[in-house]
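Participant: Fold the following.
(chains A, B and C)
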Amino acid sequence: MRQLAKHVLKLVITLLLGGLLAATLVRFAPGFGMDEAQLDIRLNNQSIDALKRQSKEGLGAFYVHYCERLLRGDFGMSRTLERPVAELIRERMPETLKSVALGLLLGWTLGLSLACLTAMARSAALDSIAGIFCGTLLCIPAAVLAILFVIAQAPERLVLAAVAFPQIYRYARNLLIRSMNQPHVLTGWAKGLGNLRLLFWHVLRPAAPQLLAVAGVSASLAFTAAIPVEALCDLPGVGQLAWKAAMGRDLYLLVTLTVLVTAVTLIANSTCELLGNMLGTRHA
Amino acid sequence: MKWARMAAIIFLLTVAGACLLANFVAPASYAYQFREEPDAAVSRHHPLGTDDLGRDRFSRLLYGTRVSLLLAPAAAVLASLLGLLIGGLAGFAGGWTERLVMSATDLFLSLPWLFLLLTVRAVLPLNVSPILSVTITFALLGCLGWAGAARMICADARSVRESEFVLLARASGNSGFRLLWRHVLPNLRPIALAQFWISIPVFIITEANLGMLGLGISEPLPSWGSLLRELQSYTAITGQPVQFVPLILFIAVIGSFHLVLHDEELTV
Amino acid sequence: MKKILVFQLLIFALASSAFAQSGGELRFVLHSEPKTFNPLLTEDDSSESVRYMTGGVLVRVNRLTQQVEPELAKSWKVSKDGRTISFELRSGLRFSDGTPFSADDVAFTMKQLMDPALHSPTGDMFRSGTGQVQVNVSSQTRVSITFSAPLADIVRPFDQVAIMSAKSPQKEMAVLGPFYVAENKAGEYLILKRNPYYWKHDGQGRQLPYFDSVRLDILQSQDTEILRLLRGEIDFINSLSPDYYDKIEAENPALVHDAGVSLDSEFMWFNQVPSAPIPDYKKAWFRSTNFRRAISEAINRQDMARIVFKGHAQPAVGVVSPANKFWFNSQLHAHPFDQKSALARLNQDGFVLQDGILKDRDGHVVEFSIVTNSNKNRERMATLIQQDLSGIGIKLNVVTLDFPSLIDRMTNSYNYEACLLGFVNDDLDPNSEMNVWLSSSENHQWNPKQKTPATPWEAQIDKLMREQASTLDQNKRKKYYDQVQQIVWEQEPFIYLINHDALSAVSTALVNAHPTILRPQVYWNIDELSLHQQVARNR
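Facilitator: As a prediction, the model looks like this:
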């Protein structure tokens, strides 16, 4: 119980710190408080001054108000979209969760499968082909991938999978090959152990803690990658919202999104670390 | 695959040579606009045609390769080394040090660093040279790109710390820095190398996208990123195939480096 | 000429109403979510699009003829002193929820519009003096509005005032236009449905609009928009960039329309703010008329029009686009591309070209930066200017910034040297540009918020703009404004570069579409648009 309380406290402190740091970065970035409407030549000086006055709250005051509202479940008002932040996130989160889930599922299925195949086949040709294929995907900008998917009338959500897959493959491949090259694996091979048994019990299992660490990081990277992918593919998710918020220096929205991404990162990494420790202990 | 490695070496040397001798090899200045020939097709005077402003594509490719080939791997080395050191140290130390460092890493992964980049641009003078601007961009990317690798390396370092050979090394009297440097860090290569290879293309593409925020390379100096950015439209993708040459070169160079610099211990 | 145009329009109207097919859904794209449905607060393009399609206005500027036509108001009268406008409204009209329309709604709308706390951009256009606006409702169909000072063009701005209901429980969502907002899936699409109480009928007595609904998909990417048009998933693209125009034309020439040169312009200017954090010697350069004229003459506008805008543009002359036939000063011509003349002007100010590098009289190398937003065409323009200026020994550094950072530099820190931007102009009348030309204004970009005019020519512009705003005689106004254009042409506080064409793409299935240069280019007559029978049936 004490351990759990400690973890929860750590999570809350990290989240609050994340929010404060994000608020600091945004507040002091150039363009904060600026509004495109200021360039509307129909507006007179008084109207423009009123626009400029809208967001001059100090950082400390802002964050205190933000935390107070947070306790009431109110995440503030989006300046760029003029709607409650909570409502915006609630509307768009399902879209992002679908994209991220599909991206990770496909990315891991393809990446890990290809890495296993490369490791077990022990074929330099296959390794090179897989390396070139993944290298090619890494080198193609997400915007180009997005347009190709639109031309092919393929679901744009798959762009995230195309972004995640080569990275997952690269990490997984290196870890599995290191595992494969361990003496006990060679012994097992020599003694005639089946490929699948070798793969699951003696290659994947020892590399599991590291693979789980990769999984944890890939979850948070997928959320981060969702921002440009959703913006490019016009997917109405949280990522697209984050991009609009960034371009509009929308403080409430950005701080809330940072807290959200921090929470996802912490939960994903902590869960994977816990699982990794369990597997590592059992294996030892 | 010795022949493949040999071919890769020859290819890389050719590319490096062409870039270093760009002043002699390029048919025109990378900046000069042949205004009567925008979007020109391949010809004797313009081996890869011209871009939308009439600039020789081949010249721009040579000079762009020079910039990216030097800076992107340097930034990738920086990010990978930082990841290796921070993750390696944290995993090796364990306990509250590891927990603190990993919490900080998770936080680092989540923050909107775009605003730091915007602030850096605001602080830099407007009349900064294109080379300095792109160098600063890549340096920033290197300093910001370590967190994901650090997390993964930490997990790896934890299992290496608890492995038998490290136990033996400790028993033999190794401890502290020597143990870390000679026995732990070298075994963290898989993730560090993976991070390195992934970072190069990611940084090149990111540099291009940062161009719209005032960072990255500025006109007229080209980079791979700015050449790839030209492809980011329907008209470009369905236009002249020669526009894809920078992408093909990019893929070929990354692939060749990979063949040439592979780690024996990570070979099938 | 005008009679021929009117005759043509009559034929179009009759022909289209004869062949128009009722029903179906019109589909096109908005590039961002509308920020508001309150018609008095629309600033962004998407909100203005929705306002145009849903709002009922007292008068409408016909986008084809550019003449003011009656809408909710059957007729109007302007008092001799130019302060009062009296409207005779149509009777028996209702809002989209059935609430009756009357003069009280006009009064309510004007009261809201002129509330200083609202800071409505449309309201600010009407603010001619410091006093209150008086609205007098004399009957259900008669209302007069009196402003504190004369308004030179008192009628046209009402084209942008969508009348709101004073009584409807739906508030701003109850509308008098051809459509009302029926569904809004945030970030994805908007559905507008036909207003069952819309008052207009076609020549054959059929109630307008012809379309049952309008679907507006929210898409930022013009690449996706083009693919959708080519696949027949949307019916038009309202504003097309030249690259995409040529691309679509190559695939299907019948789809594209070039309505001719638009009212919009691309221009650059130098920072002349005295307190700007730039070196004093650079401020001295930028304040010199010779310097600005030299830069202008060193830039090849023809190349810009041909290369960046693929020939769908022409060199800009000055403040007013030639498309604005009445207000354009036809005595003026685009500054010629003449680098010799440019160098001669610079020599007059003590600049010297040495070994291909231009230096001022104190030996400073002439090097400066130009900031612009991340817009492909502007980046290309800046790169062309970079080469042009290198021809006279000037080193230009191009810096692309995101929009908020750019606005910060332009309006807050003044930390920039030169800026390249564009002007989107929806209004023909010079009064709409008052806040650009008055030296005390925030939007007097090169040196805003001056306590007193910094130069005699700015003082002259202030005087001329105020004079044209306070007289009702159009010919006098034209004379004053011609002089403003002359001064700007001579002094070049803004170096006008290009007026680009109004480009659009329209499906051949869409009937009665006549793209114009005034926004909204394609759907300005949305209540009269329809689809060919077969296509309508399939929707």
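Participant: ok, residue C:52 to residue C:526 distance?
Facilitator: 8 Å (Cβ to Cβ, to the nearest Å). Bear in mind the C-beta positions are built from the backbone N, C-alpha and C, glycine included.
Participant: Find the residues that touch each one of these two.
Facilitator: residue C:520 (Cβ atoms under 8 Å, 6 or more residues apart in numbering or on different chains).
Participant: got any ranges where chain B has weak pLDDT?
Facilitator: B:1, B:262-268 (pLDDT under 70).
Participant: what about the strands in it?
Facilitator: Applying DSSP state E to chain B gives no strands.
Participant: how about the residues of it near chain C?
Facilitator: Proximity of chain B to chain C, by Cβ under 8 Å from any Cβ of the partner chain, involves residues B:31-33, B:35, B:38, B:52-54, B:118, B:121-122, B:126-128, B:211-214, B:218-220, B:233-235, B:238.
Participant: Quick one, which of the residues you listed are buried?
Facilitator: B:31, B:33, B:35, B:38, B:52-54, B:118, B:121-122, B:126, B:128, B:211-214, B:218-220, B:233-235 (16 or more other Cβ atoms under 10 Å in any protein chain shown).
Participant: which of the residues of chain B next to chain C come close to chain A?
Facilitator: Checking these against chain A (Cβ under 8 Å from any Cβ), the matches are B:118, B:121-122, B:233-234, B:238.
Participant: Give me the subset of those lying in helices.
Facilitator: B:118, B:121-122, B:234 (DSSP state H).
Participant: Can you say which two of the residues you listed are spatially most distant?
Facilitator: B:122 and B:234 (33.3 Å; Cβ to Cβ).
Participant: Contacts only, for residue 112.
Facilitator: Using chain A. A:168-169, A:172, A:211.
Participant: right idea, wrong chain: chain C
Facilitator: C:40, C:118, C:120, C:164.
Participant: if we can go back for a sec, as CSV, the ones in helices among the ones next to chain A among the residues of chain B next to chain C with distance to residue B:95 would be great.
Facilitator: Shown next, in CSV, are these (distance: Cβ to Cβ, whole Å):
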residue, distance to residue B:95
B:118, 38
B:121, 40
B:122, 41
B:234, 55
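Participant: Closest one of the residues you listed to chain C?
Facilitator: Proximity of those to chain C (Cβ to the nearest Cβ) peaks at residue B:234, which lies at 3.9 Å.
Participant: What does the pLDDT read for the closest residue to that closest one other than its chain neighbours?
Facilitator: Of all residues not flanking residue B:234 in the chain, residue C:223 sits nearest, at 3.9 Å (Cβ to Cβ, 6 or more residues apart in numbering or on different chains). Note on residue C:223: pLDDT of 90.
Participant: again with the one 4 residues further on
Facilitator: Residue C:227 carries a pLDDT score of 91 in this model.
Participant: separation between it and residue B:241?
Facilitator: 20 Å.
Participant: Among these two, which residue is more densely surrounded?
Facilitator: Neighbour count, other Cβ atoms under 10 Å in any protein chain shown: between residue C:227 and residue B:241, residue C:227 has more, with 18 against 8.
Participant: burial measure for the residue in chain C that chain A sits nearest to, as a count.
Facilitator: Among all residues of chain C, residue C:404 sits closest to chain A, at 2.8 Å; criterion: Cβ to the nearest Cβ. Counted with other Cβ under 10 Å, the neighbours of residue C:404 add up to 22.
Participant: Please list all residues in contact with it.
Facilitator: A:30-32, A:34, A:247-249.
Participant: hmm, try it at 10 Å
Facilitator: Going by Cβ atoms under 10 Å, 6 or more residues apart in numbering or on different chains, residue C:404 touches A:29-36, A:246-249, B:118, C:373.
Participant: Any residues of the stretch 51-200 of chain A in contact with chain C? List them.
Facilitator: A:51-52, A:78, A:80-83, A:87-88, A:91-92, A:95, A:143, A:146-147, A:150-151, A:153, A:156 (Cβ under 10 Å from any Cβ of the partner chain).
Participant: Distance-wise, check the residue nearest the centre of chain B relative to chain A.
Facilitator: The centroid of chain B falls nearest to residue B:200 when counting by Cα atoms, centre = their mean (2.3 Å). As defined by Cβ to the nearest Cβ, to the nearest Å, residue B:200 lies at a distance of 8 Å from chain A.
Participant: Please name the residues that touch that residue.
Facilitator: So residue B:200 contacts A:135, A:138-139, B:68-69, B:72-77, B:79, B:250, B:253-254, B:257-258 (Cβ under 10 Å, 6+ apart).
Participant: Just the ones of the residues you listed in helices?
Facilitator: Within the contacts of residue B:200, residues falling in helices by DSSP H are A:135, A:138-139, B:68-69, B:72-77, B:79, B:250, B:253-254, B:257-258.
Participant: Among those residues, name the buried ones.
Facilitator: So, by 16+ other Cβ under 10 Å, the buried ones in the ones in helices among the contacts of residue B:200 are A:135, A:138-139, B:68-69, B:72-76, B:79, B:250, B:253-254, B:257-258.
Participant: Any buried residues in stretch B:56-72, and which?
Facilitator: B:56-69, B:71-72.
Participant: Toward the C-terminus, what is the element adjacent to the worst-scoring helix or strand of chain C on mean pLDDT?
Facilitator: When the helices and strands of chain C are scored by mean pLDDT, DSSP states H and E, helix C:2-19 comes last with a mean of 53. Next along the chain after helix C:2-19, taking DSSP states H and E as the criterion, comes strand C:25-30.
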